[in-house]
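> After the sequence you'll find the predicted model.
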Amino acid sequence: MSQLAGKLGIVFGVANKRSIAWAIAQAWHKAGVKLAFTYQGERLKENVEELAGTFGPDTLLMPCDVTKDEDIARVFAEVGQKFGELHLMLHSVAFAPKEALEGEFVNTSREAFRVAHDVSAYSLIALARGAAPLMTDGGSIIAMTYYGSEKVVPHYNVMGVAKAALEASTRYLAYDLGPKKIRVNCISAGPVNTLAARGIAGFTDMLKHYEAHAPLKRNVLPDELGATGTFLASDGAAAITGQVLYVDCGYQIMGM
Ligand code: NAP
(Lines give C-alpha, C1' and ligand atoms only; values in the text may rest on other atoms or scores of the structure.)
Protein backbone atom coordinates (compact mmCIF):
# COMPACT_ATOMS: atom_id res chain seq x y z
CA MET A 1 0.00 0.00 0.00
CA SER A 2 1.24 3.52 -0.79
CA GLN A 3 2.77 5.54 2.01
CA LEU A 4 0.32 8.31 1.22
CA ALA A 5 -2.80 6.12 1.39
CA GLY A 6 -5.37 7.66 3.71
CA LYS A 7 -3.66 11.08 3.85
CA LEU A 8 -5.79 14.19 3.48
CA GLY A 9 -4.87 17.02 1.15
CA ILE A 10 -6.08 20.28 -0.31
CA VAL A 11 -5.26 21.65 -3.76
CA PHE A 12 -5.45 25.34 -4.73
CA GLY A 13 -5.12 26.21 -8.43
CA VAL A 14 -6.94 23.75 -10.69
CA ALA A 15 -8.37 25.75 -13.60
CA ASN A 16 -8.63 22.96 -16.17
CA LYS A 17 -7.13 19.61 -17.16
CA ARG A 18 -3.88 21.28 -18.29
CA SER A 19 -3.25 22.88 -14.87
CA ILE A 20 -0.11 21.77 -13.05
CA ALA A 21 -2.32 21.49 -9.96
CA TRP A 22 -4.41 18.87 -11.75
CA ALA A 23 -1.30 16.81 -12.63
CA ILE A 24 -0.20 16.81 -8.98
CA ALA A 25 -3.75 16.16 -7.74
CA GLN A 26 -4.01 13.11 -10.01
CA ALA A 27 -0.69 11.76 -8.74
CA TRP A 28 -1.73 12.32 -5.12
CA HIS A 29 -5.09 10.67 -5.79
CA LYS A 30 -3.38 7.63 -7.35
CA ALA A 31 -1.20 7.40 -4.24
CA GLY A 32 -4.36 7.16 -2.12
CA VAL A 33 -4.70 10.75 -0.87
CA LYS A 34 -8.22 12.02 -0.23
CA LEU A 35 -8.42 15.51 -1.72
CA ALA A 36 -10.33 18.75 -1.36
CA PHE A 37 -10.23 21.35 -4.15
CA THR A 38 -10.86 25.05 -4.40
CA TYR A 39 -11.69 27.19 -7.42
CA GLN A 40 -11.48 30.94 -7.75
CA GLY A 41 -14.91 31.90 -8.99
CA GLU A 42 -18.10 30.76 -10.69
CA ARG A 43 -16.35 30.97 -14.08
CA LEU A 44 -14.24 27.92 -13.26
CA LYS A 45 -16.66 26.08 -11.03
CA GLU A 46 -17.98 23.75 -13.72
CA ASN A 47 -14.49 22.80 -14.95
CA VAL A 48 -13.20 21.98 -11.51
CA GLU A 49 -16.45 20.24 -10.54
CA GLU A 50 -16.12 17.96 -13.53
CA LEU A 51 -12.46 17.13 -12.84
CA ALA A 52 -12.83 16.75 -9.06
CA GLY A 53 -15.96 14.66 -9.66
CA THR A 54 -13.80 11.97 -11.30
CA PHE A 55 -12.36 11.28 -7.80
CA GLY A 56 -15.85 10.49 -6.47
CA PRO A 57 -19.13 12.37 -6.08
CA ASP A 58 -18.39 13.43 -2.50
CA THR A 59 -15.08 15.21 -3.28
CA LEU A 60 -14.97 18.43 -1.27
CA LEU A 61 -15.04 21.48 -3.55
CA MET A 62 -15.08 25.07 -2.30
CA PRO A 63 -14.84 28.55 -3.83
CA CYS A 64 -11.76 30.50 -2.70
CA ASP A 65 -10.27 33.74 -3.96
CA VAL A 66 -6.88 33.66 -2.24
CA THR A 67 -6.85 37.46 -1.95
CA LYS A 68 -9.83 37.27 0.44
CA ASP A 69 -9.11 36.41 4.08
CA GLU A 70 -12.76 35.50 4.66
CA ASP A 71 -12.64 32.92 1.83
CA ILE A 72 -9.49 31.35 3.28
CA ALA A 73 -11.01 31.21 6.78
CA ARG A 74 -14.18 29.57 5.42
CA VAL A 75 -12.20 26.97 3.42
CA PHE A 76 -10.12 25.80 6.37
CA ALA A 77 -13.15 25.82 8.70
CA GLU A 78 -14.92 23.52 6.22
CA VAL A 79 -11.86 21.29 5.79
CA GLY A 80 -11.62 21.06 9.59
CA GLN A 81 -15.27 20.04 9.78
CA LYS A 82 -15.20 17.48 6.96
CA PHE A 83 -11.65 16.06 7.31
CA GLY A 84 -10.79 16.76 10.95
CA GLU A 85 -7.12 17.10 10.01
CA LEU A 86 -4.88 17.77 7.01
CA HIS A 87 -1.52 16.40 5.77
CA LEU A 88 -0.86 17.96 2.37
CA MET A 89 -1.42 21.33 0.73
CA LEU A 90 -0.60 22.41 -2.82
CA HIS A 91 -0.34 26.12 -3.69
CA SER A 92 -0.47 26.35 -7.49
CA VAL A 93 -1.81 29.86 -7.90
CA ALA A 94 -0.38 32.90 -9.63
CA PHE A 95 -1.62 36.01 -11.39
CA ALA A 96 -0.29 39.30 -12.76
CA PRO A 97 -2.17 41.79 -14.92
CA LYS A 98 -1.54 40.98 -18.59
CA GLU A 99 0.05 44.34 -19.43
CA ALA A 100 2.72 43.69 -16.78
CA LEU A 101 3.78 40.51 -18.63
CA GLU A 102 4.17 42.19 -22.01
CA GLY A 103 6.01 45.50 -21.84
CA GLU A 104 9.18 46.53 -20.07
CA PHE A 105 9.62 45.69 -16.39
CA VAL A 106 10.58 49.30 -15.69
CA ASN A 107 6.98 50.26 -16.46
CA THR A 108 5.43 47.94 -13.85
CA SER A 109 2.68 49.90 -12.11
CA ARG A 110 2.30 50.01 -8.33
CA GLU A 111 -1.07 48.26 -8.72
CA ALA A 112 0.28 45.45 -10.95
CA PHE A 113 3.11 44.89 -8.47
CA ARG A 114 0.63 44.76 -5.57
CA VAL A 115 -1.77 42.37 -7.29
CA ALA A 116 1.00 40.02 -8.50
CA HIS A 117 2.49 39.77 -5.01
CA ASP A 118 -0.84 39.45 -3.23
CA VAL A 119 -2.13 36.60 -5.42
CA SER A 120 1.15 34.82 -6.13
CA ALA A 121 3.24 35.20 -2.96
CA TYR A 122 1.33 36.52 0.07
CA SER A 123 -1.35 33.88 -0.49
CA LEU A 124 1.13 31.13 0.44
CA ILE A 125 1.61 32.71 3.88
CA ALA A 126 -2.14 33.12 4.40
CA LEU A 127 -2.89 29.56 3.25
CA ALA A 128 -0.09 28.07 5.36
CA ARG A 129 -1.46 29.91 8.41
CA GLY A 130 -4.88 28.42 7.69
CA ALA A 131 -3.60 24.89 7.07
CA ALA A 132 -1.04 24.59 9.90
CA PRO A 133 -3.51 24.19 12.81
CA LEU A 134 -5.07 21.23 10.96
CA MET A 135 -1.68 19.57 10.32
CA THR A 136 -1.59 18.14 13.81
CA ASP A 137 0.48 15.14 12.75
CA GLY A 138 2.91 17.15 10.61
CA GLY A 139 2.48 17.93 6.94
CA SER A 140 3.88 18.88 3.57
CA ILE A 141 3.15 22.20 1.88
CA ILE A 142 4.23 22.62 -1.75
CA ALA A 143 4.21 25.78 -3.87
CA MET A 144 4.86 26.11 -7.60
CA THR A 145 7.56 28.51 -8.70
CA TYR A 146 9.65 29.39 -11.76
CA TYR A 147 13.31 30.19 -12.57
CA GLY A 148 12.36 33.79 -13.49
CA SER A 149 12.69 34.41 -9.73
CA GLU A 150 16.49 34.27 -9.92
CA LYS A 151 17.41 35.10 -13.53
CA VAL A 152 15.91 37.53 -16.01
CA VAL A 153 13.47 35.78 -18.31
CA PRO A 154 12.19 38.36 -20.82
CA HIS A 155 8.47 39.15 -20.34
CA TYR A 156 8.21 37.29 -17.01
CA ASN A 157 8.79 40.68 -15.37
CA VAL A 158 6.86 41.30 -12.14
CA MET A 159 5.98 37.62 -11.87
CA GLY A 160 9.71 36.88 -11.44
CA VAL A 161 9.83 39.31 -8.53
CA ALA A 162 6.70 37.74 -7.01
CA LYS A 163 8.23 34.25 -7.38
CA ALA A 164 11.36 35.47 -5.57
CA ALA A 165 9.04 36.56 -2.72
CA LEU A 166 7.28 33.20 -2.85
CA GLU A 167 10.57 31.29 -2.58
CA ALA A 168 11.81 33.46 0.31
CA SER A 169 8.44 33.01 2.03
CA THR A 170 8.86 29.24 1.65
CA ARG A 171 12.11 29.43 3.64
CA TYR A 172 10.64 31.56 6.44
CA LEU A 173 7.56 29.34 6.63
CA ALA A 174 9.78 26.24 6.74
CA TYR A 175 11.58 27.76 9.74
CA ASP A 176 8.37 28.70 11.57
CA LEU A 177 6.52 25.46 10.90
CA GLY A 178 9.45 23.02 11.18
CA PRO A 179 8.94 22.42 14.93
CA LYS A 180 5.39 21.27 14.06
CA LYS A 181 6.85 18.74 11.58
CA ILE A 182 5.36 20.74 8.69
CA ARG A 183 7.67 20.93 5.67
CA VAL A 184 7.40 23.70 3.08
CA ASN A 185 9.02 23.40 -0.34
CA CYS A 186 8.80 24.82 -3.86
CA ILE A 187 8.82 22.94 -7.14
CA SER A 188 10.43 25.10 -9.82
CA ALA A 189 8.90 23.77 -13.02
CA GLY A 190 10.17 24.24 -16.54
CA PRO A 191 7.58 25.73 -18.91
CA VAL A 192 4.30 23.82 -19.29
CA ASN A 193 1.58 24.85 -21.74
CA THR A 194 -1.21 25.99 -19.40
CA LEU A 195 -3.74 28.82 -19.26
CA ALA A 196 -1.50 30.96 -17.02
CA ALA A 197 1.59 30.29 -19.16
CA ARG A 198 -0.17 31.43 -22.32
CA GLY A 199 -0.56 34.84 -20.67
CA ILE A 200 3.22 35.35 -20.90
CA ALA A 201 4.30 37.02 -24.14
CA GLY A 202 6.58 34.73 -26.20
CA PHE A 203 5.69 31.59 -24.24
CA THR A 204 5.88 29.30 -27.31
CA ASP A 205 9.46 30.46 -27.94
CA MET A 206 10.24 29.65 -24.32
CA LEU A 207 9.17 26.03 -24.87
CA LYS A 208 11.40 25.80 -27.94
CA HIS A 209 14.33 27.42 -26.12
CA TYR A 210 14.15 24.87 -23.29
CA GLU A 211 13.95 22.00 -25.74
CA ALA A 212 17.10 23.24 -27.47
CA HIS A 213 19.14 24.16 -24.38
CA ALA A 214 18.12 21.94 -21.43
CA PRO A 215 20.51 19.00 -20.85
CA LEU A 216 17.65 16.53 -21.41
CA LYS A 217 16.71 18.29 -24.71
CA ARG A 218 13.00 18.33 -23.98
CA ASN A 219 10.35 20.00 -21.84
CA VAL A 220 9.08 18.67 -18.54
CA LEU A 221 5.86 16.61 -18.63
CA PRO A 222 2.94 17.28 -16.28
CA ASP A 223 3.13 13.68 -14.99
CA GLU A 224 6.72 14.30 -13.94
CA LEU A 225 5.59 17.27 -11.84
CA GLY A 226 2.96 14.97 -10.33
CA ALA A 227 5.66 12.46 -9.41
CA THR A 228 7.79 15.17 -7.76
CA GLY A 229 4.71 16.38 -5.86
CA THR A 230 4.20 12.84 -4.60
CA PHE A 231 7.86 12.55 -3.59
CA LEU A 232 7.77 15.83 -1.64
CA ALA A 233 4.60 14.67 0.09
CA SER A 234 6.15 11.35 1.08
CA ASP A 235 8.52 10.21 3.84
CA GLY A 236 11.27 10.03 1.20
CA ALA A 237 11.39 13.81 1.57
CA ALA A 238 11.02 13.76 5.38
CA ALA A 239 14.24 15.76 5.91
CA ILE A 240 13.70 18.20 3.01
CA THR A 241 12.25 21.60 3.85
CA GLY A 242 12.63 25.20 2.71
CA GLN A 243 14.01 24.06 -0.65
CA VAL A 244 13.39 24.91 -4.28
CA LEU A 245 13.50 21.72 -6.32
CA TYR A 246 14.12 22.20 -10.07
CA VAL A 247 12.01 19.98 -12.28
CA ASP A 248 13.04 21.49 -15.57
CA CYS A 249 15.02 18.85 -17.50
CA GLY A 250 18.18 20.41 -16.04
CA TYR A 251 17.78 23.86 -17.62
CA GLN A 252 18.70 25.66 -14.36
CA ILE A 253 22.30 24.41 -14.33
CA MET A 254 23.16 25.96 -17.71
CA GLY A 255 25.34 29.06 -17.95
CA MET A 256 25.10 29.30 -21.70
P1 NAP B 1 -3.24 27.55 -14.47
O2 NAP B 1 -3.78 26.24 -14.85
O3 NAP B 1 -3.80 28.75 -15.18
O4 NAP B 1 -3.33 27.73 -12.90
C5 NAP B 1 -3.23 28.99 -12.25
C6 NAP B 1 -4.29 29.00 -11.21
O7 NAP B 1 -4.20 30.16 -10.35
C8 NAP B 1 -5.68 29.03 -11.82
O9 NAP B 1 -6.47 28.02 -11.24
C10 NAP B 1 -6.16 30.41 -11.45
O11 NAP B 1 -7.54 30.57 -11.40
C12 NAP B 1 -5.53 30.53 -10.07
N13 NAP B 1 -5.70 31.87 -9.52
C14 NAP B 1 -5.34 33.07 -10.06
N15 NAP B 1 -5.73 34.06 -9.25
C16 NAP B 1 -6.35 33.49 -8.18
C17 NAP B 1 -6.98 33.98 -7.01
N18 NAP B 1 -7.04 35.29 -6.73
N19 NAP B 1 -7.52 33.10 -6.13
C20 NAP B 1 -7.48 31.77 -6.38
N21 NAP B 1 -6.90 31.24 -7.47
C22 NAP B 1 -6.34 32.09 -8.36
O23 NAP B 1 -1.65 27.62 -14.76
P24 NAP B 1 -0.43 26.75 -14.20
O25 NAP B 1 0.66 26.98 -15.19
O26 NAP B 1 -0.86 25.38 -13.86
O27 NAP B 1 -0.01 27.54 -12.90
C28 NAP B 1 0.07 26.95 -11.62
C29 NAP B 1 1.30 27.44 -10.87
O30 NAP B 1 2.46 26.93 -11.51
C31 NAP B 1 1.48 28.95 -10.82
O32 NAP B 1 2.00 29.32 -9.57
C33 NAP B 1 2.52 29.19 -11.91
O34 NAP B 1 3.23 30.39 -11.73
C35 NAP B 1 3.39 27.97 -11.68
N36 NAP B 1 4.32 27.63 -12.77
C37 NAP B 1 3.85 27.45 -14.04
C38 NAP B 1 4.73 27.14 -15.05
C39 NAP B 1 4.25 26.93 -16.46
O40 NAP B 1 5.06 27.01 -17.38
N41 NAP B 1 2.97 26.69 -16.69
C42 NAP B 1 6.10 26.99 -14.78
C43 NAP B 1 6.55 27.17 -13.46
C44 NAP B 1 5.64 27.50 -12.47
P45 NAP B 1 -8.20 31.54 -12.55
O46 NAP B 1 -7.98 30.82 -13.85
O47 NAP B 1 -9.60 31.67 -12.12
O48 NAP B 1 -7.46 32.85 -12.52
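That came in fine, so what should we check first? Numbers count the residues shown, from 1 in each chain.
> Distance of A121 relative to G250?
From A121 across to G250, the span is 26 Å (C-beta to C-beta, to the nearest Å). Using the backbone N, CA and C atoms, a C-beta is placed for each residue, glycine as well.
> Just want to know which of these two has more residues nearby.
Remark: of A121 and G250, A121 carries more neighbours, 25 against 16, as counted by other C-beta atoms under 10 Å.
> and the closest residue to the more buried one other than its chain neighbours, helix, strand or coil?
Excluding the flanking residues, the one nearest A121 by C-beta to C-beta, 6 or more residues apart in numbering is A165, at 3.9 Å. In three-state terms, and counting by DSSP: H, G, I helix; E, B strand; the rest coil, A165 is helix.
> so what's A165 up against?
117, 120-122 (C-beta atoms under 8 Å, 6 or more residues apart in numbering).
> residues making contact with the helix or strand of the chain with the lowest mean pLDDT?
Ranked by mean pLDDT, DSSP states H and E, the helix or strand of the chain with the weakest confidence is helix 42-53, at a mean of 90. Applying C-beta under 8 Å, 6+ apart, the set of residues contacting helix 42-53 from outside is 14-17, 22, 35, 37, 39, 59, 61, 63.
> Buried members of those residues into PyMOL, please.
Filtering the contacts of helix 42-53 down to the buried ones (16 or more other C-beta atoms under 10 Å) takes a single PyMOL command:
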select buried, resi 14+15+22+35+37+39+59+61+63
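> Return the member of the contacts of helix 42-53 nearest to L134.
The closest of the contacts of helix 42-53 to L134 turns out to be L35 (C-beta to C-beta; 14.1 Å).
> Give me the pLDDT value at the closest one.
pLDDT recorded at L35 is 97.
> again, but for P179
On pLDDT, P179 comes in at 98.
> Kindly report the same for P63.
Residue-level pLDDT assigned to P63 equals 96.
> Now do E102 against the ligand, distance only.
Computed as C-beta to the nearest ligand atom, to the nearest Å, the E102 to the ligand distance reads 16 Å.
> so what's that residue up against?
155, 201.
> now do D69
A126.
> Over to the one 3 residues further on?
I72 makes contacts with 64, 66, 126-127, 130, as judged by C-beta under 8 Å, 6+ apart.
> That one - that's part of a helix, no?
Yes: counting by three-state DSSP, one finds I72 located in a helix.
> Which of the contacts of helix 42-53 sits closest to Y246?
Distances from Y246 to these, taken by C-beta to C-beta, are shortest for W22, at 21.1 Å.
> For my notes, please list the contacts of I72 in JSON lines and give distance to the ligand for each entry.
Shown next, in JSON lines, are those (distance: C-beta to the nearest ligand atom, whole Å):
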{"residue": "C64", "distance to the ligand": "6"}
{"residue": "V66", "distance to the ligand": "4"}
{"residue": "A126", "distance to the ligand": "11"}
{"residue": "L127", "distance to the ligand": "10"}
{"residue": "G130", "distance to the ligand": "13"}
